[in-house]
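Q: Here is my input, please return the structure:
(2 chains)
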Amino acid sequence: MSRRPAGPMQKFWAVFRREYLERIQSRWYIFATIAGPVFFGSVITAPQIFTRKAHPSADVSHIIILDATRTDLGTRIAKALQGGPQSDSLPTALRPEVRSVLPAAIKSAQDAATAEIVHQGWIGYLVVDSAAMAGADVYYAGRNGSSVQDINRLTAAVRRSILAQRLEAVGLDPARIRALTDVRVEINADRITDAGRGGSAELSTIFAYLVAFTLYTMIVLYGNVILRAVVDEKSNRVAEVVVASVSPDTLLAGKVFGVSSVAVTQVLLWVVMSGIVYKTRGPLLHLFNLEIPAIPFPSITAMSVLALVAFWVLGFLCYAALFAGMGAIVTNQEDATQAALPVTMLVVLAVVLVVPTLLDPNSTIARVSSWFPFTAPIIMPVRMSVTQVSTFEVAATLVGVALACWGSTWIAARLYRVGLLMYGKRPSLRELGRWISQAS
Amino acid sequence: MAAALELSHVTKRFDGHVAVRDLSLTVPAGAVYGLLGPNGAGKTTTIRMLLNVIEPDDGEIRIFGASNRTPNIIDRVGYLPEERGLYKKMQVKRVLRFLAELKGIPGKEADKRIQEWLDRFGLITAERNWGDAKVDELSRGMQQKVQFIGTLIHDPELVLLDEPFSGLDPINAQALKDTVLDLRKRGRTVIFSTHLMDNAERLCDSVCIIANGQKVLDGEVTAVRDAHSGRSVALGFLTHPSEAVVDVLRDRTLVLRADDSNRSAEVELAQGADPQVLLRRLVEAGAQLERFELVRSSLHQIFLETVGANGVEPGVIGDE
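A: Residues are numbered from 1 along each chain as shown, chains lettered A, B, ... in the order given. As a prediction, this is how the structure comes out:
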């Protein structure tokens, strides 16, 4: 008889191969693999293209300036907003309008300006009075009142104008003042870590977000694939035949690793495709008559890449096992989504914490959520990208995630062993507890 | 001949009830063995324990002399579950190759066997090779065939069929019977559970009747039937029986129950009654007999007698 003894390893590979090959050859997978980067690419670049088109922002200039200083400060600000006296490039319709008002009439002038903003397309109004000349705050109200970028531009223009005004008051030549005060410095921020310069801070944030977002997408997407696969096997009753040939543990392992490899393959293909597009972007962009932008990469050390991959893989496996366990306790697809809700909530919690972590990567909430094993795979890489995290902290968190991974697999295996051949009513929490404690 | 399967004192409890209680049985190698019992008697639990899918709380299970927990021993077993199913979106060939690989058959060898089996079961026709189709393109009957191929693809020495006849159309049922007999001819051991006594009686060498998780009786079919036979007599009359003859049949010292249908009757003898005495009394009463036959009980009758005697009704066991 040509039968070779099949150890658990051969059986694992048989399960693994089936999960991997069947999925990777599906039309939907091939489509998603190719369409994914196109979709993400357009989601990321489209807003950038639109904002770049709108630059320089004419909006900031299209304001009413209520000048109660009885000087020409308002006019100066208007000129500064238009890009200085040298470039009078803005169309008249978008230029600021300066209105001299008496200090006592500011209130009514504001009301009038508000009405004009509401009905006539002005963006906002700025109030400057003698207090402003003395260095106190100025007031601005407008549709773009919450735009950090716009307010920064306004502030710079006002400051420059007040400075020029003061210098003129002490007798400096207006031409020299203009030359001296026309300074437009922008800060390009870099990040410094123990390893030295860490590259562009903005890029780090984008990179961190990308890592978190990819892992989140993959967990939710492929977690549900595993969930469905297990429930399918159960509701199709294939499980009956399969567990008579292979232990539930081996089946679970084959399934989790098989589906995980499908996800990893997809990410790798995406990376390779991005690499090819990056390399060949010259001729490609030339085709559209566009210049080649320099795309600097954030410099990251080999160690942190290793840690990143470890977080990614362990985090993914951890969740994949949990999803499989949840699949084993239900009988049909309708119940499956509900059963998986607690697991999905954990992932969502991690994603919700991404923004607070980006804003203040060293806050208590950022630190704690980067240690908690179920949020760590997403939050720790984010923190590592935007701030300095000690090697010990990273290592300790990795150990925690690995332990959680082991724990989830242990629980999932037990749920799997008992649940795979159980049909009917969804078990209560107490019954689940008994499954876990009794499964041998 | 060595035993293909031995169960000794196997017990399995689930929350609050005993599914299988102190079950011992021996299945000789090369036999066709029937595991009979009403729904919920513990047949499926027993089969799952044999397959080491669930562990017994007590007792020991040996397959071909080795514990069923010995690595790879289950690879020598083929299993057709009662609830059948295949991966619906997968190609038939690939499903079968997967099932073969799980039993340690290398891919190439598996492909060869799949071809043979598909051919044998008429799944390769002039118009179409159904092996290339996806499972959900197949009719129900075809899917049953594929499932059956999956059970036998690794040429198992012991074949476990759980309620194999349920849901089969007559043609597939016949194909299954033929295959079972063919397996027996090739020295394989076949165990099947069923509650259809006709099939069991025709196919099995030995049977075990279980009810309420306990063994009621077991042994070779002929021995079981002999042990439960001779208590009933089939009568045929040439003319309508006279009143005197009917009086004999009403004698409770001789006859427990008579199922009278005009010129023939099924008679169940009373405890300790001698059929020869009944014959003499009938002749004395002037009966004109066409037929007097000591009937061997069918498995169906034996099943009803033994399981009924335990107060077991199909479908109520196991609910507690």
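Q: where are the low-confidence patches of the chain?
A: If you meant another chain, say so; for now it's chain A. Within chain A, the set of residues satisfying pLDDT under 70 comprises A:1-6, A:40-59, A:83-94, A:184, A:186, A:188-204, A:281-301, A:423-426, A:438-440.
Q: Chain B, not that one
A: Short version for chain B, where the test is pLDDT under 70: B:1, B:230, B:308-320.
Q: give me that answer again for 50
A: B:311-320 (pLDDT under 50).
Q: Tell me the backbone dihedrals of the residue most central in space within it, please.
A: Among the residues of chain B, the one closest to the centroid is residue B:34, at 3.4 Å (CA atoms, centre = their mean). Residue B:34 adopts backbone torsions of phi -110, psi 130, taken as degrees, to the nearest 10.
Q: Let me see the contact set for residue B:15.
A: residue A:434 (CB atoms under 8 Å, 6 or more residues apart in numbering or on different chains). Backbone N, C-alpha and C define where each C-beta goes, glycine included.
Q: tell me the phi and psi of it?
A: The phi and psi torsions at residue B:15 (degrees, to the nearest 10) take the values phi -40, psi 110.
Q: Would you check how far apart it and residue A:216 are?
A: Residue B:15 is 39 Å from residue A:216, where distance means CB to CB, to the nearest Å.
Q: Next: residue B:117.
A: Using CB to CB, which is the criterion applied here, residue B:117 is 46 Å from residue A:216.
Q: for the nearest residue to residue B:152 once chain neighbours are set aside, helix, strand, or coil?
A: Nearest residue to residue B:152, sequence neighbours excluded (CB to CB, 6 or more residues apart in numbering or on different chains): residue B:78, at 5.4 Å. Put simply, residue B:78 is strand when judged by DSSP: H, G, I helix; E, B strand; the rest coil.
Q: So in terms of bridging, what pairs with residue B:78?
A: In this entry, residue B:78 is beta-bridged to residue B:159, by DSSP bridges.
Q: what about it, neighbour count?
A: Residues contacting residue B:78 under the criterion other CB atoms under 10 Å in any protein chain shown number 27.
Q: contacting residues around it?
A: Listed by CB under 8 Å, 6+ apart, the contact partners of residue B:78 are B:151, B:152, B:154, B:156, B:158, B:159, B:160.
Q: Please produce JSON lines containing the residues you listed, extended by distance to residue A:266.
A: Converted to JSON lines, the contacts of residue B:78 look like this (distance: CB to CB, whole Å):
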{"residue": "B:151", "distance to residue A:266": "36"}
{"residue": "B:152", "distance to residue A:266": "38"}
{"residue": "B:154", "distance to residue A:266": "34"}
{"residue": "B:156", "distance to residue A:266": "39"}
{"residue": "B:158", "distance to residue A:266": "43"}
{"residue": "B:159", "distance to residue A:266": "42"}
{"residue": "B:160", "distance to residue A:266": "40"}
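Q: Need these in TSV (columns: distance to residue B:68 and neighbour count).
A: Output for the contacts of residue B:78, formatted as TSV (distance: CB to CB, whole Å; neighbours: other CB atoms under 10 Å in any protein chain shown):
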residue	distance to residue B:68	neighbour count
B:151	18	22
B:152	20	16
B:154	17	26
B:156	14	21
B:158	10	22
B:159	15	24
B:160	12	26
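Q: and residue 242, how many neighbours does it have?
A: The chain I'm using is chain A. A count of nearby residues for residue A:242, using other CB under 10 Å, gives 23.
Q: The chain in question should be chain B.
A: 14.
Q: Which residue, other than its chain neighbours, is closest to it?
A: Nearest to residue B:242 is residue B:286, by CB to CB, 6+ apart, at 5.9 Å.
Q: Go ahead and report the secondary structure state at the one you found.
A: coil.
Q: Quick check: residues of the stretch 151-300 of chain A near chain B?
A: Neighbours of chain B within the stretch 151-300 of chain A, by CB under 8 Å from any CB of the partner chain: A:232, A:233, A:236, A:237, A:238, A:240, A:241, A:242, A:243, A:244, A:245, A:246.
Q: now the strands for the stretch 51-200 of chain B?
A: All strands of the stretch 51-200 of chain B, identified by DSSP state E, counting those that start in this stretch, fall at B:58-63, B:66-67, B:77-80, B:158-162, B:189-194.
Q: Which neighbours in the sheet does the second one have, and how are they oriented?
A: Meaning strand B:66-67. strand B:58-63 (antiparallel).
Q: Tell me which of the residues of the stretch 151-300 of chain A next to chain B fall in strands.
A: Within these, no residue falls in strands by DSSP state E.
Q: all helices in the stretch 101-250 of chain B, in order from the N-terminus.
A: B:107-120, B:140-152, B:170-185, B:197-203, B:221-227, B:243-250 (DSSP state H, counting those that start in this stretch).
Q: Packed most tightly, which of the ones you listed would that be?
A: Among the helices of the stretch 101-250 of chain B, helix B:140-152 has the highest mean neighbour count (mean count of other CB atoms under 10 Å in any protein chain shown), at a mean of 20.
Q: Report the angle between that helix and helix B:170-185.
A: Here helix B:140-152 runs at an angle of 10 degrees relative to helix B:170-185 (axes from the mean of the first three to the mean of the last three CA atoms, to 10 degrees).
Q: so how far is helix B:140-152 from its chain's centroid?
A: In terms of CA atoms, centre = their mean, to the nearest Å, the centre of helix B:140-152 is set 19 Å apart from its chain centre.
Q: That helix packs against which elements?
A: Packing contacts for helix B:140-152, counted by 3 or more CB pairs under 8 Å, 6 or more residues apart in numbering or on different chains; DSSP states H and E, involve helix A:238-242, strand B:77-80, helix B:92-102, helix B:107-120, strand B:158-162, helix B:170-185.
Q: outside of the third one, which residues touch it?
A: Just to be clear, that refers to helix B:92-102. A:6, A:10-11, A:14-15, A:17-18, A:22, A:241-242, A:245-246, B:86-87, B:90, B:107, B:109-111, B:113-114, B:117-118, B:123, B:130-135, B:138, B:146, B:149-150, B:153-154.
Q: The fourth one now?
A: With contact meaning CB under 8 Å, 6+ apart, helix B:107-120 is reached by A:2, B:92-93, B:96-97, B:100-101, B:105, B:124, B:129-131, B:149, B:152-153, B:155.
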